[in-house]
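Asks: Here is my input, please return the structure:
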Amino acid sequence: MKRFLSAAAAAALALSLNTAALAAGGYAGSITINGTALDTSGLPAASAPYTAVPLRSVAESDYGYAAWYPEEGRSFFSLDGNSIYVDCATGAIELNGEAQTGMTASFTQGVTFVPVELLNHLEGYTATVQDSRIAIVTPNGEALTKLARQIIAKIELGASNKPAESELKEYYGLDTARFDEVAAFFPMMISADTIVIGKVKSGEMDAVKKELEAVRARTQQSFEQYLPEPLERAKNGRVVTSGDYVMLIISGDNDTAIQMFRDGVKG
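Replies: Residues are numbered from 1 along each chain as shown. From the prediction side, this is the model:
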């Protein structure tokens, strides 16, 4: 299970890291994530220029997050379902439950830097270095994921948990083998907000629609005894199609989401 900072601890961590980083400056080189430049102007210099990346900045720029557990002396970073723990005393790195040998993190002015090759161990990520430029490609650069992110931002959808494909079957009953591509986001907190967009394989549309309707029905059932607002949203959730594409949307503005979906998959 993922763990989260208390609001006070999160604020303290953000303040300490951001203040130190802004005061220092000096990160050498450039970083792009899915073709978009990462703002490194406020970061301190890394101990290994051009081959180390500021992990918190990368995570947050790719819809992930960072947390700090002072009682454990460790920091936590989530990148598209990949979990990274860093020991703040030794720099030891743990990725998805496995210790990473031959790689250690470094710390400058409160900023955690990790070797760029760590990103190539993350599922769905690649990172390349050319001269002083680091180019990172992530699953969030895929077309349907980008469309889902655009809808989430436009209608302020409270869905930010992006499960791994293996988790879609285990926890949500969605058989990813029926899709050519699928992007799904579920609520992190007590909310019904959900979006799933997929390109469906030939002959699988009816089965996929049934699975998505089952997700909507289970969401409705989970709120039937309390919280009328998410219950109403779940009741009004819709499964819609456009050609080979399908979307489940549970939100406060389904009409806008559906129009964006249909316009987006045409492209």
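Asks: Tell me who's in contact with residue 189.
Replies: Counting by C-beta atoms under 8 Å, 6 or more residues apart in numbering, residue 189 touches residue 158. (C-beta placed from N, C-alpha, C; glycine too.)
Asks: In a strand, it, correct?
Replies: No. Counting by DSSP: H, G, I helix; E, B strand; the rest coil, one finds residue 189 to be coil, located in no strand.
Asks: where does stretch 143-159 sit relative to the chain's centre, distance-wise?
Replies: 12 Å (C-alpha atoms, centre = their mean, to the nearest Å).
Asks: what is the mean pLDDT for it?
Replies: Model confidence over stretch 143-159, given as mean pLDDT, is 94.
Asks: go on, stretch 208-216?
Replies: Taken as a whole, stretch 208-216 has an average pLDDT of 98.
Asks: Which residues does it contact?
Replies: Contacts for stretch 208-216 (C-beta under 8 Å, 6+ apart): 172-175, 178-179, 194, 196, 198, 200, 234, 237, 239, 241, 246, 248, 250.
Asks: residues near residue 76, how many?
Replies: As a burial measure, residue 76 scores 20 neighbours (other C-beta atoms under 10 Å).
Asks: Okay, domains of this protein per the record?
Replies: What automatic domain parsing lists as the domains of the chain is 7-138, 142-266.
Asks: Pick out the shakiest of these, pLDDT-wise.
Replies: Among the domains of the chain, domain 7-138 carries the lowest mean pLDDT (a mean of 86).
Asks: Centre of the chain to that domain, how far?
Replies: That offset, for domain 7-138, works out to 15 Å (C-alpha atoms, centre = their mean).
Asks: Now intersect the contacts of stretch 208-216 with the helices, please.
Replies: Judged by DSSP state H, the contacts of stretch 208-216 include 172, 234 as members of helices.
Asks: which of the contacts of stretch 208-216 count as buried?
Replies: When neighbours are counted using 16 or more other C-beta atoms under 10 Å, the contacts of stretch 208-216 contain these buried positions: 172, 174, 178-179, 194, 196, 198, 200, 234, 237, 239, 246, 248, 250.
Asks: Same list as before, those residues that is, but in TSV and with distance to residue 87 included.
Replies: TSV is the format used below for the buried ones among the contacts of stretch 208-216 (distance: C-beta to C-beta, whole Å):
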residue	distance to residue 87
172	33
174	36
178	41
179	38
194	36
196	37
198	39
200	44
234	42
237	43
239	45
246	44
248	40
250	39
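Asks: Those residues in strands, which ones?
Replies: Residues of those located in strands (DSSP state E): 179, 194, 196, 198, 200, 239, 246, 248, 250.
Asks: wait, the fifth one sits on residue 242?
Replies: No. Counting by C-beta atoms under 8 Å, residue 200 stays clear of residue 242, with 10.7 Å between them.
Asks: Helices along the stretch 51-200 of the chain, start to end?
Replies: Per DSSP state H, counting those that start in this stretch, the stretch 51-200 of the chain carries helices over the ranges 55-61, 143-155, 165-172.
Asks: winner for burial among these?
Replies: helix 55-61 (a mean of 21; mean count of other C-beta atoms under 10 Å).
Asks: CA atoms of it as CSV?
Replies: What follows is helix 55-61, C-alpha atoms only, in CSV (Å, rounded to 0.1, in the frame of the first residue of the first chain):
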residue,chain,number,x,y,z
LEU,A,55,14.4,12.6,-8.5
ARG,A,56,11.7,14.7,-6.9
SER,A,57,11.6,17.2,-9.7
VAL,A,58,11.4,14.4,-12.3
ALA,A,59,8.6,12.6,-10.4
GLU,A,60,6.5,15.6,-9.9
SER,A,61,6.9,16.7,-13.5
